[in-house]
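Q: Okay, here's the prediction I keep looking at, along with the sequence it came from:
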Amino acid sequence: MEGKVNHGVQTLTAKPLTQANCRRQVGLLGGNFNPVHTTHLLIADQVGRALGLESVLLMPEFLPPHVDQKKTIAAKDRLAMLERAVADNPLLGIETCELQRQGKSYSYDTIKELKEKNPDVDYYFIIGGDMVAYLPKWYKIDELMQLVQFVGVRRPGYPVTSTYPLIWVDVPSMDLSSTMIRKKVAQGCSVRYYVPEAVREYIMEKGLYLDEG
């Protein structure tokens, strides 16, 4: 990737592969994906294309590492929805290492494991602009920064500055969340176009989120 600076914000253009630059470039987008929705897929696809990545892998966590534990559905259902969501896009895939490891999902442990398994891959860790301010609180963040390149997705109302080296990417803003979708399902409202049709059908078939408050 070749970088340039515009008003203090770094943007990148794809650098053609050469014999000396033949490492694989793979994006990672982590989350609970409860359920996966259109914004997740838009971010993964747009970042992957903007940076010229080989692929972008959606990486579901087994348990979030937050102190305030999130309520979530079974991993098998979240994974099944992800598989349906990415089936028609060859750029997107799924990384299941956190589901296989189980327990709380700390990004440092995950990236360290992935780098050991795939030493020829450079990983690009995608986070929303609203999460950038929390990076100093991440587990072993300084060590993590040595293992992975962070990519920040700009969000309205959040600064595009950080003491950490981030690549910033513009993605169309959509006010959509998994929490909103779960509540709509519980209220009997349609979530068509909020999620891929195959995901909507899975939610209806399995009766998911009917007990959401």
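A: Cool, the structure landed.
Q: Specify which residues of the chain, grouped into ranges, have pLDDT under the cut-off.
A: Low-confidence segments of the chain, defined by pLDDT under 70: 1-21, 65-70, 213.
Q: measure the closest residue to Met145 other than its chain neighbours to Asp142 for me?
A: Leaving aside its sequence neighbours, Met145 sits nearest to Tyr164 (Cβ to Cβ, 6 or more residues apart in numbering; 6.1 Å). All C-beta atoms are positioned from the backbone trio N, CA, C, and that covers glycine. Tyr164 sits 9 Å away from Asp142, going by Cβ to Cβ, to the nearest Å.
Q: repeat for Arg84
A: Taking Cβ to Cβ as the measure, Arg84 falls 38 Å from Asp142.
Q: picking up where we left off before, for Tyr164 and Asp142, indicate the residue with more neighbours.
A: Tyr164 (14 against 10; other Cβ atoms under 10 Å).
Q: Kindly state the beta-bridge partners for Leu63.
A: With DSSP bridges as the criterion, Leu63 is bridged to Lys104.
Q: residues in contact with it?
A: Listed by Cβ atoms under 8 Å, 6 or more residues apart in numbering, the contact set of Leu63 reads 69, 72, 102-105.
Q: want to throw those into a markdown table with distance to Leu53 and neighbour count?
A: Listed next are the contacts of Leu63 as a markdown table, based on distance: Cβ to Cβ, whole Å; neighbours: other Cβ atoms under 10 Å:
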| residue | distance to Leu53 | neighbour count |
| --- | --- | --- |
| Gln69 | 32 | 10 |
| Thr72 | 28 | 17 |
| Gln102 | 28 | 10 |
| Gly103 | 28 | 10 |
| Lys104 | 27 | 15 |
| Ser105 | 22 | 21 |
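Q: Out of the residues you listed, flag the one nearest to Tyr209.
A: Closest to Tyr209 out of the contacts of Leu63 is Thr72 (11.0 Å), distances taken as Cβ to Cβ.
Q: wait, doesn't that closest one sit right on Pro60?
A: No: counting by Cβ atoms under 8 Å, Thr72 stays clear of Pro60, with 9.6 Å between them.
Q: what do those two both touch?
A: Between them, Thr72 and Pro60 share the contacting residues 32, 78, judged by Cβ under 8 Å, 6+ apart.
Q: Show me what the host helix or strand of Phe150 is in contact with.
A: Using DSSP states H and E, Phe150 maps to strand 149-153. Here strand 149-153 makes contact (Cβ under 8 Å, 6+ apart) with 27, 43, 47, 51, 122-129, 132, 135, 160, 162, 164-169, 171.
Q: Which strands or helices does the next helix or strand after it pack on?
A: Next helix or strand after strand 149-153 toward the C-terminus (DSSP H and E): strand 166-169. Taking 3 or more Cβ pairs under 8 Å, 6 or more residues apart in numbering; DSSP states H and E as contact, the helices and strands that strand 166-169 lies on are strand 9-13, helix 38-50, strand 149-153.
Q: which one of these is the most hemmed in?
A: strand 149-153 (a mean of 22; mean count of other Cβ atoms under 10 Å).
Q: And Gly31, how close does it get to Asp120?
A: From Gly31 to Asp120 the distance is 26 Å (Cβ to Cβ).
Q: ok, these two, which is more surrounded?
A: Neighbours were counted for Gly31 and for Asp120 using other Cβ under 10 Å; Gly31 has more, 20 against 8.
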